[in-house]
Each structure stands twice: as C-alpha cells, then as structure tokens.
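Trainee: Next input, structure requested:
(2 chains)
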Amino acid sequence: MTAGRAPGRPQAGAHPFGGSPGVPAGQGANPLVEVNDLAKTFDVSAPWLNRVIERQPRRFVHAVDGVSFAIPRGTTLALVGESGCGKSTVARLLVGLYAPTRGTVAFDGIDTAATLASPGARALRKRMQMIFQDPYASLNPRWTVRDIVGEPLREHGLAMTEPALEAKVAALLAQVGMAAADMEKFPHQFSGGQRQRISIARALATEPEFLVCDEPTSALDVSVQAQVLNIMKNLQRQRGLTYLFISHNLAVVRHVADSVGVMYLGRLVELSPRRTLFAAPRHPYTRMLLDAIPDIAMTGRQRTPVQGEVPNPLNPPSGCAFHPRCPHANARCSSERPELVEFQGVRIACHAVTEGRI
Amino acid sequence: MAAPLLEVQHLRVEFPTRRGTLLALDDVSFSIAPGEILGVVGESGAGKSLTGAAIIGLLEPPGRVAGGQILLDGQRIDNLPAEAMRKIRGKRIGAIFQDPLTSLNPLYTIGRQLIETIQVHLGLDAAAARARAVQLLQSTGIPAAGQRIDQYPHQFSGGMRQRVVIALALAAQPQLIVADEPTTALDVSIQAQIIALLKSLTKEQGAAVMLVTHDMGVIAETCDRVAVLYAGRVVEIGPVAAVIHSPAHPYTVGLMGSIPAMDQEREQLMQIDGAMPRLNAIPPGCAFHPRCPQAMDRCRSDRPDLLPAGATQAACWLHDSKVAA
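Mentor: Below you'll find the model as predicted:
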C-alpha cells in the first residue's frame, strides 16, 4: 500500500511517499492531492426478507480497495482500466460525491471527507470541480447556458449583480472557445463537443485548482475530442490546473497525463510516470492493455488477444485479482495478494515483477 | 478483383419531415468484393449506420431510399417487398449491431434464438439445428457451449453476448455481413478478441463484411479498404493503408491528425474547427468547405465527385487534374 513496505526491495524508498515518481523535483514535496489507502465498499445485499427466507449472506462489492496516490500541483494523473475497475468511484470519492469506507483524501493538506461534513465545505468545494462523461445528461435541459455556467458563480457569491454575472459567464465561455451570444441558448441547441465545453466552463467558474474529469471525451467524436483535449491542455498551462483524468482510452491518456495509474478490480496495479509506463510497461495487465490497442500505424505488429474477461467484482479471485488471466501466474499469485510497492522507479503490485520472473 | 458481391450505386436516403425533406445520404457509391472487408468511418451523424440500415432493408420510417440502387450478387434488393427482403436478411446478409443486449431477446434462451434462425434459413430438423447451434457457439469461442446454450442473454457478459450475436449473424452462412460498431460497447481487451474472431470467421466462410465504426484503429487492423463519410457523402475511398498514411481529402487529413497516436508525442492535437453541418443546413458545393483550410471559390459552389488522388479516390477539387495541370 505504501512505498517501501515490502521487504528486500533495494529501490524501495527511492521516492519519498507522496512524491509521484517522474515529476520534477521540488513539486513532489507538497502534492495538491494525496490519497491514502482509499476504499469504498457498496452493500449489494438482497433485501432483508429475502436474506432471511433464502438464507443469503450480506454481499459487498469492494469497488475501490486500498488505493494510494498523490497528484503534484499543476500535473495530470490519469487512471485507466476497464469497466468496473473502480476508476469512476475514485473520481467520485475525491470530490466527495461518495464518502470513503476507509482511508483518506487530503486536498492541500485538508482531510476532505471531514471538511465536507463541516461548515468549511463551501470553501473546499469551490477549489475542486468535476467534469462528467455524458454532456447530454450532466446539463439541465431546461436551463440556459447563462443559468448553467452562472449557477456556481451565484452559489459561491462570485458575481453579485446581473451585469457582473453576465460578464463573467461571457469570459468563461470565451475561454472554452464559445461566443457570448450562446448564453441565451439551451443545451439541446449544441453539439456534444460544445456541451462538453459548457461543462468545462461551468467547472471553471469557481476558479478551482483541481479538476476531476471522468471520461470527459469518451462520448465525443475524435475530431471533437481533439478540440476538447486541446482546450483542457491550454487551460492547464494558463491556470496551473491539477487534473485527475479518468479514461479507458490509453492513447488519450498518453496525450494528456504526466503520470498514469492502472486499475484492476478496485486496486492500483501499476503507477508510473507516463513515459516509463508507455515505453516499458511492467505489470502483465498493463502490457495486456497496451497490446490490446488497435494498431493504427499498421506496423504489422501481431497482437495476442488476451483470453478471459474481467472477473465478477462480487466474487473476485483470491490472491492477485489478475492471476486467472495472467500468463506469468504461479502458486504465490493465486494465494497472496501483491501490494503496490516501489520497484525500480515505478510502483507495481505484481509478484512476478518483484521476484524478477518477468 | 472478382465481380463485386455488393454494389451500392448513387444511393440517396431521405427523411421527409414537416419542415422539408432531409437528405441523409447523398449519392453514396461503393462496392464490396467477396471475402473483402470494407470499413465505413465517419463521425456521429455522417450517415454510416444509415448506409448499413439501407443495405439490410431496415431503414426506420419515415426514412426511405429515394434514389440509386443496391445490388447483391447482381440482384437489386433495395426495392424488394418486405417479405422477400426478410428472406434475404439472415440468410444472405447477416447483421451485427453495437449493443449486444438489445440485439438478443431477453425472454428466450440463446439456444432458442439460434435454433430458430437456423431452422428458418437452413431448414434443418430440431436436433440438427441444435447441434449446429452448439458448434457455432464453440466456433465463436464460448466455453462450455453445450451448457451455455440453454442460458438467457442476461447470464452472459458483454463480450460473450457479442459472441452470441456473431454466432447468430453467421448462422445461415451469409455472403455479406453488415457489422455496425460491433466493438464500441466493449472494453479494449474484449474488443481485440472480438475483432480477431470476426476476422477469422468471415475469412473461413469467405463472407464479405461491411464494418461500420468510428474507430480508425479497428479499421486499420481489420479492413482491406475504407470509405470515409461526411455529411451523408463519401469523401474518400481507397485501400486502408493509403487512406491512413496518405489521406487525400482535407477532412480525412484532419480526422487522422485528431487521433491521439500511440507512437508519437505531440503537444497539440490537430483539430478541425467547427462541427459537421446538420442535415437541414448542408452548405452548397463541397459540404466540408466551411471547415476546410484549403477551400477555394469553386468549393463553395460546385460539388466535387470522387476523383483519383494517388492511391485513393477523394471528392475534392484539389485533386482535379485539369486544374492541377
């Protein structure tokens, strides 16, 4: 879980805990977001009467199970993984849409779960915002763009008069490449890409430091995705924004991220600087994900489709959750769960790698 | 090349509405040879799914084929009565859709759905049809097919359901398979499995495939040729390597540049400003001219036909040899 816990790893501790590897020295000392042993369990039991009559036990899904990472200021951490790996749950935990079952999220040194339950919540909420995947579902269809983008301004008392609000909304729209005249329109009058830009403008309204983006471009066409990704990168440069970027698309992640965390069944299996991860993926699951990307360059590379599917999170495999699909699994992998440890400059949860078998 | 199995000639699809008729497909022509995989790409609303729907005769009313023709093995199929088209669909043309859950009837076991399809199209008795169904499921890589055949769709995962849908589409050994975004709803690792499966099965059966997708990566891996659609028109068509590596139409160039690549790092992605026009506001001349960095006066008034452009054909005046010469 934390760096340097596993014995006998000479590289352990090369990076102090909290310093995301691969980030320029000095920035890692005081990360904006620090997540420690975060876990979220959902109760998916049958109703009480069924449990009594059918003698069923309570059932839980460990959607996120002991995830730790840190995001230095002004950088982007991307979380990748397949459906059901818990990446969206992490996003929701970070902005306080879910309360963690275990572990902490520290934002600029403040414990978010405790603060969001206290009177200080408003000040904290202002500093972090979220962009959702589906721009068709995340905007109120009965509100004009002025209402949508202006709501956080009103709510946080950032624009007291109507002309001031209008000026601010216009400025926000300009930042995402939209016209002030769009203010009077309703969401249905815009295309998917434009709606996502409205979502970004709304998220930027409170001048947050931290944006959690949950698959912000997955619902968009590629040319529109390029527009939105370019806007997001420009905003990061101008405002020093920190992003948590959730995606299943590794090519997009490679384009935006500084470091990348790979998740599988609720746990981080590899956390590396972007260049390291793409040049030399260590975990067998990361290798599999990279190998599964269709080869657009047509180099004639032979892909070996991995067998099997993501197991049911209700009944995860013992030991390393990936072992039933892993070509390098042995007896230890099926019995002992690997922790995320520092190993040769990356963080990895894999017995085969740390034992030097691959 | 052998005689084409499917020929689409000057296809026009219209949607009459109260505010006038929308032209969803405008003069779309292409052909697919037996055993060939043709990719059809484009962004949302470009008309790629509509092209597929028109070929299998499942245009949603009020949509209708307003012009041109569709030939399967030399026989016109766009004007057939519904009953005759039903016989062709499933038997000679198989269809695979994006969402495997909605393509299967949730109230029937997958076995019943498969056996029914096999019996209708191949006229086998119940026992033989069941044996064939099990064999089909096995060929699509479903483990323990003999037991799973009696399960319901909800008991299968997304990837397994798509395998069942592929088995259904291949049940009657069709000559042509129309696959509309068959991997879009799936995770990347499953996507790779399904693509490999689709490729090997269609090759075994010698079936032609029209693969509709928005994912250029899938196209690059799977297809022989690719047609790029924009605003209901084919803007470029050619061998897949040529279209990907040396696209001739400015739209294809922009489309390829906007894809984040795995083999190179760029600070900014190339972007095409603006958005595809709505069907009720398709500009005159070349539909792409308002977004085109190389638009000329002529593009605003005259619509270009497909012109030879290197290894591909592009509907763009830049490739008009009379002007270039």
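Trainee: helices and strands around the lengthiest helix in chain B, which ones?
Mentor: Longest helix in chain B, counting residues (DSSP state H): helix B:188-205. Judged by 3 or more CB pairs under 8 Å, 6 or more residues apart in numbering or on different chains; DSSP states H and E, the packing partners of helix B:188-205 are helix A:284-291, helix B:158-170, strand B:208-212, helix B:216-222. For every residue, glycine as well, the C-beta is placed using N, CA and C.
Trainee: want to throw the ones you listed into a markdown table with mean pLDDT and distance to residue A:181?
Mentor: Converted to a markdown table, the helices and strands packed on helix B:188-205 look like this (pLDDT from 0 to 100; distance: least, CB to CB, whole Å):
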| stretch | mean pLDDT | distance to residue A:181 |
| --- | --- | --- |
| helix A:284-291 | 89 | 43 |
| helix B:158-170 | 88 | 43 |
| strand B:208-212 | 93 | 36 |
| helix B:216-222 | 87 | 35 |
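Trainee: Most tightly packed of the ones you listed?
Mentor: strand B:208-212 (a mean of 27; mean count of other CB atoms under 10 Å in any protein chain shown).
Trainee: outside of the longest helix of chain B, which residues touch it?
Mentor: Helix B:188-205 is contacted by residues A:82, A:248, A:250, A:288-289, A:291-294, A:303, A:305-307, A:309, B:35, B:37, B:96, B:139-141, B:158-159, B:162-163, B:166, B:170, B:173, B:177, B:179, B:182-183, B:186, B:208-209, B:211, B:218, B:221-222 when judged by CB atoms under 8 Å, 6 or more residues apart in numbering or on different chains.
Trainee: how about it: buried residues?
Mentor: B:188-199, B:201-202 (16 or more other CB atoms under 10 Å in any protein chain shown).
Trainee: what ranges do the strands span in the stretch 1-150 of chain A?
Mentor: A:33-43, A:60-71, A:76-80, A:102-107, A:110-111, A:128-131 (DSSP state E, counting those that start in this stretch).
Trainee: got the CA positions of the longest helix of chain B in PDB?
Mentor: Extracted in PDB, the C-alpha atoms of helix B:188-205 (Å, rounded to 0.1, in the frame of the first residue of the first chain):
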ATOM      1  CA  VAL B 188     -10.400  -2.800 -25.100                       C
ATOM      2  CA  SER B 189      -9.200  -6.300 -24.200                       C
ATOM      3  CA  ILE B 190     -12.500  -7.800 -25.200                       C
ATOM      4  CA  GLN B 191     -12.600  -5.600 -28.300                       C
ATOM      5  CA  ALA B 192      -9.300  -7.200 -29.500                       C
ATOM      6  CA  GLN B 193     -10.800 -10.700 -29.100                       C
ATOM      7  CA  ILE B 194     -14.000  -9.900 -31.000                       C
ATOM      8  CA  ILE B 195     -12.100  -8.200 -33.900                       C
ATOM      9  CA  ALA B 196      -9.800 -11.300 -34.200                       C
ATOM     10  CA  LEU B 197     -12.900 -13.500 -34.100                       C
ATOM     11  CA  LEU B 198     -14.800 -11.600 -36.700                       C
ATOM     12  CA  LYS B 199     -11.800 -11.600 -39.000                       C
ATOM     13  CA  SER B 200     -11.100 -15.300 -38.800                       C
ATOM     14  CA  LEU B 201     -14.700 -16.400 -39.100                       C
ATOM     15  CA  THR B 202     -15.500 -14.300 -42.000                       C
ATOM     16  CA  LYS B 203     -12.300 -15.400 -43.700                       C
ATOM     17  CA  GLU B 204     -13.200 -19.100 -43.100                       C
ATOM     18  CA  GLN B 205     -16.700 -18.600 -44.600                       C
END
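Trainee: give me phi/psi at the residue lying closest to residue A:354 once chain neighbours are set aside?
Mentor: Excluding the flanking residues, the one nearest residue A:354 by CB to CB, 6 or more residues apart in numbering or on different chains is residue A:343, at 5.4 Å. Note on residue A:343: backbone dihedrals following degrees, to the nearest 10 are phi -150, psi 120.
Trainee: and residue B:253, how many residues sit next to it?
Mentor: Look at residue B:253: counted by other CB atoms under 10 Å in any protein chain shown, it has 18 neighbours.
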